[in-house]
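# All I have is the shape, not the residue letters:
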């Protein structure tokens, strides 16, 4: 299986509703993109200084399913509508589990 | 539960054995630190440009167990001996699952 991780930092001027918007959007993606085998996400808990603000961990049966997710129109719309306006930095890794 | 994620990039001059060393060290931590509820890690698969090189996802029952892991002498020795010499950048997030 493939584990995909993405971490974000939010722009300093991101609205207070930014995290709620991300979580709503991800919840919708989890319901509509059937290739997602497991999906967790959430805001950083503030346990350590210097952390990023938000993370997503998504598991897929194989890299083909990951690519379907990454390129899915609903995912692309999520990025454009809910991520891009509030995004400062993004990093990601995909590894085998 | 707490999901802890860390992503690393390796120094350009990191030896070819760096990833193997990380995986060996993490395997040992997984055997000795009983507070780890689930532990996955691995090298980036190269599916996307601009990714970090390596990631760890570790799950804990609560933030107290995460802190025991983070401060554990074996974990600290792992960071000092196997991570610090080859580390370029590190980012992390802890979120609730």
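Received it, and whenever you're ready, just let me know what you need. All of these numbers come straight from a predicted model, not from anything done at the bench.
# near chain B, which residues of chain A show up?
By Cβ under 8 Å from any Cβ of the partner chain, the part of chain A that sits against chain B consists of A:2-3, A:5, A:7, A:40-45, A:47-48, A:51-55, A:57, A:63, A:66-67, A:70, A:91-97. All C-beta spots, glycine's among them, are computed from the backbone N, C-alpha and C.
# Any stretches of chain A with poor pLDDT?
Applying pLDDT under 70 to chain A picks out no residues at all.
# Quick test: name the residue nearest the centre of it.
For chain A, residue A:56 is the residue whose C-alpha lies nearest the centre (Cα atoms, centre = their mean; 4.2 Å).
# Secondary structure class of that residue, three-state.
Using DSSP: H, G, I helix; E, B strand; the rest coil, the secondary structure recorded for residue A:56 is strand.
# Pairing partners for it in the sheet, please.
In this entry, residue A:56 is beta-bridged to residue A:6, residue A:41, by DSSP bridges.
# pretty sure it contacts residue A:6?
Yes - between residue A:56 and residue A:6 there is a contact under Cβ atoms under 8 Å: 4.8 Å.
# Okay, residue A:36 and residue A:95: tell me how far apart.
Distance, residue A:36 to residue A:95, by Cβ to Cβ, to the nearest Å: 17 Å.
# nope, residue A:5 is what I meant
From residue A:5 to residue A:95 the distance is 8 Å (Cβ to Cβ).
# Would you tell me which helix is longest in chain A?
The residue-count maximum for a helix in chain A (DSSP state H) belongs to helix A:18-32.
# shared neighbours of residue A:5 and residue A:95, which are they?
Residues touching both residue A:5 and residue A:95 (Cβ atoms under 8 Å, 6 or more residues apart in numbering or on different chains): residue B:55.
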